[in-house]
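Colleague: this one's structure only:
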């Protein structure tokens with residue numbers, strides 16, 4: 001009975017640790033999603049700025065050189081935002097894989113806990129009068 005209780009305590013510790021790891025992964029995913037959201041805002045802003053720059057170029061040929069410079073800057077921002085989104089997606093993919101692995105580990109631990117609880121129950125049943 002003491003052994004089964006010890007096994008249960010170890011299993012609970014393991015579950016607790018896995019839950020902490022899962023929480024950390026969820027926080028990483030949240031941060032990645034916030035970065036992705038910020039990247040989306042930057043892309044939208046960059047697209048609006050590019051549109052404004054294009055209108056200026058069409059309306060005034062003397063401003064064409066300035067408009068071209070603005071477009072190049074906005075394209076750079078768009079590339080940076082796209083790279084940031086790609087990195088965020090990679091981080092989210094890694095986090096999702098880790099969550100799946102943690103879920104599998106928790107499932108195994110739950111099975112062990114169930115076996116331990118059954119074993120404790122059987123040992124307790126032996127003491128019935």
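Modeller: That came through, no problem. Since we're looking at a predicted model, the values are computed, not measured.
Colleague: Identify the residues contacting stretch 1-21?
Modeller: Outside of stretch 1-21, the residues within contact range by CB atoms under 8 Å, 6 or more residues apart in numbering are 98, 102, 105-106, 109-110, 112-113, 116-117, 119-120, 123-124. Glycine gets a C-beta too; all of them are placed from N, C-alpha and C.
Colleague: Now, the residues you listed that are in helices?
Modeller: Counted as lying in helices by DSSP state H, out of these, are 98, 102, 105-106, 109-110, 112-113, 116-117, 119-120, 123-124.
Colleague: What's the separation between the residue positioned nearest the centre of the chain and residue 104?
Modeller: Central residue of the chain (CA atoms, centre = their mean): residue 29, 1.8 Å from the mean position. Separation of residue 29 from residue 104 (CB to CB, to the nearest Å) stands at 18 Å.
Colleague: circling back: so which of the ones in helices among the contacts of stretch 1-21 wins on neighbours?
Modeller: Per-residue neighbour counts (other CB atoms under 10 Å) across the ones in helices among the contacts of stretch 1-21 peak at residue 116, which has 20 neighbours.
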